[in-house]
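Participant: Give me a model of this one.
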Amino acid sequence: MSLARPRRSALYMPAANQRAIEKARDLACDVVILDLEDAVAPEAKDLARTQAVEAVRAGGFGRREVVIRVNGLDTPWGHADLEAAAAVKPDAILAPKVSSPADVAAYGEALSGDTALWVMIETCAAIFALPAIAAAGGRLAALVVGTNDLAKEMRCRLDVARAPLNAALSLTVAAARAERLVVLDGVFNGIEDDAGLAAQCDQGAAFGFDGKTLIHPRQIEAANRAFGPAADEVVWSRTVVAAFDLPENAPKGVIRVEGRMVERLHLDEARRLIAVADAIAAA
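Facilitator: Numbers count the residues shown, from 1 in each chain. Modelled structure (predicted):
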(Lines give C-alpha, C1' and ligand atoms only; values in the text may rest on other atoms or scores of the structure.)
Protein backbone atom coordinates (compact mmCIF):
# COMPACT_ATOMS: atom_id res chain seq x y z
CA MET A 1 0.00 0.00 0.00
CA SER A 2 1.44 3.35 -1.03
CA LEU A 3 2.48 5.68 1.77
CA ALA A 4 2.31 8.53 -0.72
CA ARG A 5 -1.45 8.28 -1.23
CA PRO A 6 -3.35 11.00 0.68
CA ARG A 7 -5.22 9.68 3.71
CA ARG A 8 -5.75 12.98 5.48
CA SER A 9 -9.41 12.33 6.27
CA ALA A 10 -11.03 8.93 6.84
CA LEU A 11 -14.76 9.31 7.44
CA TYR A 12 -16.80 6.65 9.22
CA MET A 13 -20.23 6.32 7.63
CA PRO A 14 -22.87 4.05 9.21
CA ALA A 15 -23.61 1.45 6.56
CA ALA A 16 -27.17 1.05 7.85
CA ASN A 17 -27.86 4.58 6.59
CA GLN A 18 -28.29 4.43 2.82
CA ARG A 19 -28.49 8.20 2.52
CA ALA A 20 -25.12 8.54 4.28
CA ILE A 21 -23.54 6.07 1.87
CA GLU A 22 -24.84 8.01 -1.14
CA LYS A 23 -23.56 11.28 0.35
CA ALA A 24 -20.09 9.81 0.87
CA ARG A 25 -19.58 9.56 -2.89
CA ASP A 26 -19.44 13.36 -3.15
CA LEU A 27 -17.52 14.33 -0.02
CA ALA A 28 -13.96 15.70 0.04
CA CYS A 29 -12.60 12.95 2.29
CA ASP A 30 -9.72 10.74 1.16
CA VAL A 31 -11.14 7.55 2.70
CA VAL A 32 -14.71 6.34 3.24
CA ILE A 33 -15.10 3.75 5.99
CA LEU A 34 -18.41 1.93 5.67
CA ASP A 35 -19.02 1.01 9.29
CA LEU A 36 -20.71 -2.19 10.38
CA GLU A 37 -19.51 -1.95 13.96
CA ASP A 38 -19.83 0.92 16.45
CA ALA A 39 -22.14 3.11 14.38
CA VAL A 40 -24.70 0.35 13.82
CA ALA A 41 -27.27 -0.93 16.32
CA PRO A 42 -27.54 -4.73 16.77
CA GLU A 43 -30.92 -4.90 15.03
CA ALA A 44 -29.48 -3.13 11.96
CA LYS A 45 -26.31 -5.22 11.55
CA ASP A 46 -27.64 -7.42 8.74
CA LEU A 47 -28.99 -4.42 6.83
CA ALA A 48 -25.68 -2.58 7.22
CA ARG A 49 -23.74 -5.57 5.87
CA THR A 50 -26.00 -5.85 2.84
CA GLN A 51 -25.84 -2.13 2.07
CA ALA A 52 -22.07 -1.94 2.47
CA VAL A 53 -21.59 -4.83 0.07
CA GLU A 54 -23.98 -3.28 -2.44
CA ALA A 55 -22.20 0.08 -2.16
CA VAL A 56 -18.81 -1.44 -2.94
CA ARG A 57 -20.25 -3.36 -5.88
CA ALA A 58 -21.93 -0.22 -7.23
CA GLY A 59 -18.77 1.87 -6.91
CA GLY A 60 -18.92 5.55 -7.74
CA PHE A 61 -16.57 6.67 -4.96
CA GLY A 62 -14.05 8.13 -7.39
CA ARG A 63 -10.54 8.61 -6.01
CA ARG A 64 -11.63 7.78 -2.46
CA GLU A 65 -10.41 4.60 -0.82
CA VAL A 66 -13.33 2.47 0.32
CA VAL A 67 -12.91 0.49 3.52
CA ILE A 68 -15.40 -1.73 5.35
CA ARG A 69 -15.09 -1.93 9.12
CA VAL A 70 -16.43 -5.31 10.17
CA ASN A 71 -17.58 -6.47 13.57
CA GLY A 72 -15.14 -8.48 15.65
CA LEU A 73 -14.86 -12.20 15.04
CA ASP A 74 -15.91 -12.75 18.66
CA THR A 75 -19.35 -11.21 17.95
CA PRO A 76 -22.43 -12.83 16.38
CA TRP A 77 -21.88 -10.84 13.17
CA GLY A 78 -18.11 -10.90 12.68
CA HIS A 79 -17.63 -14.00 10.53
CA ALA A 80 -20.56 -13.14 8.24
CA ASP A 81 -19.28 -9.57 7.93
CA LEU A 82 -15.77 -10.70 7.03
CA GLU A 83 -16.94 -13.25 4.48
CA ALA A 84 -19.32 -10.81 2.76
CA ALA A 85 -16.88 -7.90 2.79
CA ALA A 86 -13.97 -9.98 1.53
CA ALA A 87 -16.07 -11.25 -1.38
CA VAL A 88 -16.60 -7.76 -2.85
CA LYS A 89 -12.93 -6.79 -2.45
CA PRO A 90 -12.98 -3.21 -1.12
CA ASP A 91 -9.69 -1.37 -0.89
CA ALA A 92 -9.35 -2.58 2.68
CA ILE A 93 -11.07 -4.31 5.57
CA LEU A 94 -10.80 -2.60 8.96
CA ALA A 95 -10.69 -5.08 11.86
CA PRO A 96 -11.67 -3.88 15.36
CA LYS A 97 -9.95 -4.51 18.69
CA VAL A 98 -6.94 -6.35 17.31
CA SER A 99 -4.62 -7.21 20.21
CA SER A 100 -2.11 -9.73 18.84
CA PRO A 101 -0.46 -10.99 15.64
CA ALA A 102 -2.85 -13.96 15.78
CA ASP A 103 -5.77 -11.55 15.45
CA VAL A 104 -4.11 -9.98 12.40
CA ALA A 105 -3.71 -13.41 10.81
CA ALA A 106 -7.32 -14.41 11.52
CA TYR A 107 -8.64 -11.47 9.52
CA GLY A 108 -5.97 -11.45 6.84
CA GLU A 109 -6.37 -15.07 5.79
CA ALA A 110 -9.94 -14.37 4.69
CA LEU A 111 -8.91 -11.70 2.17
CA SER A 112 -7.91 -12.02 -1.46
CA GLY A 113 -7.09 -9.93 -4.50
CA ASP A 114 -5.76 -6.47 -3.72
CA THR A 115 -7.75 -5.99 -0.52
CA ALA A 116 -5.55 -4.76 2.31
CA LEU A 117 -6.02 -5.23 6.03
CA TRP A 118 -6.28 -2.27 8.37
CA VAL A 119 -6.48 -2.92 12.11
CA MET A 120 -7.79 -0.94 15.07
CA ILE A 121 -5.41 -0.28 17.95
CA GLU A 122 -7.90 0.27 20.76
CA THR A 123 -7.10 -2.09 23.62
CA CYS A 124 -4.50 -1.99 26.38
CA ALA A 125 -3.19 -5.35 25.19
CA ALA A 126 -2.65 -3.91 21.71
CA ILE A 127 -0.47 -1.10 23.08
CA PHE A 128 1.86 -3.59 24.72
CA ALA A 129 1.90 -5.76 21.58
CA LEU A 130 2.42 -2.95 19.07
CA PRO A 131 5.79 -4.10 17.67
CA ALA A 132 4.49 -7.63 17.08
CA ILE A 133 1.20 -6.46 15.60
CA ALA A 134 2.89 -4.00 13.23
CA ALA A 135 5.36 -6.69 12.14
CA ALA A 136 2.66 -9.31 11.52
CA GLY A 137 3.02 -8.87 7.77
CA GLY A 138 0.67 -10.44 5.26
CA ARG A 139 -1.93 -7.97 4.06
CA LEU A 140 -1.49 -5.62 6.99
CA ALA A 141 -1.21 -2.08 5.66
CA ALA A 142 -2.49 0.34 8.31
CA LEU A 143 -2.90 0.91 12.03
CA VAL A 144 -5.93 2.96 13.10
CA VAL A 145 -6.16 4.25 16.65
CA GLY A 146 -9.48 3.78 18.43
CA THR A 147 -9.18 6.44 21.11
CA ASN A 148 -12.69 6.08 22.52
CA ASP A 149 -12.39 2.35 23.21
CA LEU A 150 -8.83 2.69 24.47
CA ALA A 151 -9.79 5.47 26.89
CA LYS A 152 -12.75 3.43 28.10
CA GLU A 153 -10.56 0.40 28.80
CA MET A 154 -7.93 2.53 30.52
CA ARG A 155 -10.62 4.42 32.48
CA CYS A 156 -8.86 7.66 31.70
CA ARG A 157 -10.40 11.08 31.15
CA LEU A 158 -9.76 12.81 27.86
CA ASP A 159 -9.77 16.42 26.82
CA VAL A 160 -8.61 17.92 23.54
CA ALA A 161 -4.93 17.44 24.46
CA ARG A 162 -5.44 13.74 25.31
CA ALA A 163 -2.53 13.70 27.78
CA PRO A 164 -3.32 10.20 29.15
CA LEU A 165 -3.03 8.76 25.61
CA ASN A 166 0.01 10.66 24.39
CA ALA A 167 2.35 7.74 25.00
CA ALA A 168 0.03 5.29 23.25
CA LEU A 169 -0.40 7.63 20.29
CA SER A 170 3.34 8.15 19.89
CA LEU A 171 4.10 4.45 20.21
CA THR A 172 1.49 3.59 17.59
CA VAL A 173 3.07 5.99 15.11
CA ALA A 174 6.53 4.61 15.85
CA ALA A 175 5.35 1.00 15.39
CA ALA A 176 3.72 1.87 12.08
CA ARG A 177 6.76 3.72 10.78
CA ALA A 178 9.05 0.84 11.76
CA GLU A 179 7.11 -1.41 9.37
CA ARG A 180 6.22 1.21 6.73
CA LEU A 181 2.51 1.12 7.53
CA VAL A 182 -0.09 3.84 7.21
CA VAL A 183 -1.22 5.17 10.60
CA LEU A 184 -4.41 7.11 11.33
CA ASP A 185 -5.37 9.06 14.44
CA GLY A 186 -8.56 8.46 16.41
CA VAL A 187 -11.80 10.41 16.19
CA PHE A 188 -12.71 13.72 17.81
CA ASN A 189 -16.14 13.55 19.43
CA GLY A 190 -16.99 17.26 19.51
CA ILE A 191 -18.88 17.64 16.25
CA GLU A 192 -19.48 21.37 16.75
CA ASP A 193 -16.21 22.16 18.54
CA ASP A 194 -14.28 23.54 15.59
CA ALA A 195 -11.44 24.93 17.70
CA GLY A 196 -11.00 21.64 19.55
CA LEU A 197 -11.01 19.70 16.30
CA ALA A 198 -8.42 21.97 14.73
CA ALA A 199 -6.19 21.69 17.80
CA GLN A 200 -6.42 17.90 17.87
CA CYS A 201 -5.77 17.63 14.13
CA ASP A 202 -2.66 19.76 14.57
CA GLN A 203 -1.61 17.54 17.46
CA GLY A 204 -2.08 14.40 15.39
CA ALA A 205 -0.08 15.85 12.51
CA ALA A 206 2.69 16.80 14.95
CA PHE A 207 2.78 13.22 16.24
CA GLY A 208 3.30 12.04 12.65
CA PHE A 209 -0.07 10.50 11.80
CA ASP A 210 -0.98 10.32 8.10
CA GLY A 211 -4.51 11.50 8.79
CA LYS A 212 -7.46 11.37 11.15
CA THR A 213 -10.57 9.25 11.39
CA LEU A 214 -13.73 11.35 11.49
CA ILE A 215 -17.33 10.95 12.60
CA HIS A 216 -19.00 13.79 10.69
CA PRO A 217 -18.60 15.36 7.23
CA ARG A 218 -18.10 18.83 8.71
CA GLN A 219 -14.79 17.60 10.16
CA ILE A 220 -13.26 16.83 6.75
CA GLU A 221 -11.97 20.30 5.93
CA ALA A 222 -10.03 20.63 9.18
CA ALA A 223 -8.40 17.23 8.76
CA ASN A 224 -7.48 17.87 5.13
CA ARG A 225 -5.91 21.17 6.08
CA ALA A 226 -3.91 19.84 9.05
CA PHE A 227 -2.62 16.65 7.44
CA GLY A 228 -2.01 17.98 3.95
CA PRO A 229 1.46 19.24 2.98
CA ALA A 230 1.93 22.96 3.57
CA ALA A 231 2.86 25.02 0.52
CA ASP A 232 6.26 25.95 1.93
CA GLU A 233 6.99 22.29 2.70
CA VAL A 234 6.27 21.36 -0.91
CA VAL A 235 8.51 24.14 -2.21
CA TRP A 236 11.35 23.05 0.07
CA SER A 237 10.88 19.39 -0.89
CA ARG A 238 11.15 20.24 -4.58
CA THR A 239 14.29 22.25 -3.85
CA VAL A 240 15.84 19.27 -2.03
CA VAL A 241 15.01 16.87 -4.86
CA ALA A 242 16.36 19.25 -7.48
CA ALA A 243 19.61 19.67 -5.51
CA PHE A 244 20.19 15.92 -5.22
CA ASP A 245 19.41 15.53 -8.93
CA LEU A 246 22.43 17.67 -9.87
CA PRO A 247 25.20 15.46 -11.33
CA GLU A 248 27.79 16.71 -8.87
CA ASN A 249 25.60 15.62 -5.94
CA ALA A 250 24.81 12.12 -7.23
CA PRO A 251 27.46 10.33 -5.13
CA LYS A 252 26.94 12.40 -1.99
CA GLY A 253 25.10 11.34 1.15
CA VAL A 254 24.94 14.84 2.60
CA ILE A 255 24.73 18.14 0.73
CA ARG A 256 24.21 21.80 1.56
CA VAL A 257 20.92 23.31 0.33
CA GLU A 258 20.21 26.99 0.92
CA GLY A 259 22.48 27.03 3.95
CA ARG A 260 21.10 23.84 5.48
CA MET A 261 22.65 20.39 5.71
CA VAL A 262 20.43 17.81 4.02
CA GLU A 263 20.90 14.04 4.07
CA ARG A 264 19.54 11.42 1.70
CA LEU A 265 17.01 10.40 4.33
CA HIS A 266 15.50 13.86 3.82
CA LEU A 267 15.40 13.17 0.09
CA ASP A 268 13.14 10.14 0.59
CA GLU A 269 10.72 12.16 2.71
CA ALA A 270 10.80 15.03 0.21
CA ARG A 271 9.82 12.70 -2.62
CA ARG A 272 7.00 11.21 -0.54
CA LEU A 273 5.65 14.64 0.36
CA ILE A 274 5.76 15.78 -3.28
CA ALA A 275 3.87 12.64 -4.33
CA VAL A 276 1.17 13.34 -1.73
CA ALA A 277 0.89 16.98 -2.83
CA ASP A 278 0.65 15.99 -6.49
CA ALA A 279 -2.04 13.40 -5.73
CA ILE A 280 -4.09 15.97 -3.82
CA ALA A 281 -3.73 18.49 -6.63
CA ALA A 282 -4.84 15.93 -9.21
CA ALA A 283 -7.97 14.91 -7.29
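Participant: which intervals of the protein have sub-threshold pLDDT?
Facilitator: In the predicted model of the chain, residues 1, 3 satisfy pLDDT under 70.
Participant: List phi and psi for Arg157.
Facilitator: Phi and psi for Arg157, reported as degrees, to the nearest 10, are phi -110, psi 130.
Participant: List the contacts of it.
Facilitator: Counting by Cβ atoms under 8 Å, 6 or more residues apart in numbering, Arg157 touches Ala151, Pro164. Every C-beta, even on glycine, is put in place using the N, C-alpha and C of the backbone.
Participant: Kindly provide the distance from it to Ala199.
Facilitator: With the distance defined as Cβ to Cβ, to the nearest Å, Arg157 ends up 17 Å from Ala199.
Participant: What ranges does the stretch 1-150 of the chain have for its strands?
Facilitator: 9-14, 31-35, 65-69, 92-95, 116-121, 140-145 (DSSP state E, counting those that start in this stretch).
Participant: Could you dump those strands into JSON lines with distance to Ala242 and mean neighbour count added?
Facilitator: Converted to JSON lines, the strands of the stretch 1-150 of the chain look like this (distance: least, Cβ to Cβ, whole Å; neighbours: other Cβ atoms under 10 Å):
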{"stretch": "strand 9-14", "distance to Ala242": "30", "mean neighbour count": "26"}
{"stretch": "strand 31-35", "distance to Ala242": "32", "mean neighbour count": "28"}
{"stretch": "strand 65-69", "distance to Ala242": "31", "mean neighbour count": "25"}
{"stretch": "strand 92-95", "distance to Ala242": "35", "mean neighbour count": "27"}
{"stretch": "strand 116-121", "distance to Ala242": "33", "mean neighbour count": "26"}
{"stretch": "strand 140-145", "distance to Ala242": "31", "mean neighbour count": "25"}
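Participant: Include distance to Ala86 when you put those strands into TSV, please.
Facilitator: Listed next are the strands of the stretch 1-150 of the chain as TSV, based on distance: least, Cβ to Cβ, whole Å:
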stretch	distance to Ala86
strand 9-14	20
strand 31-35	14
strand 65-69	9
strand 92-95	7
strand 116-121	10
strand 140-145	15
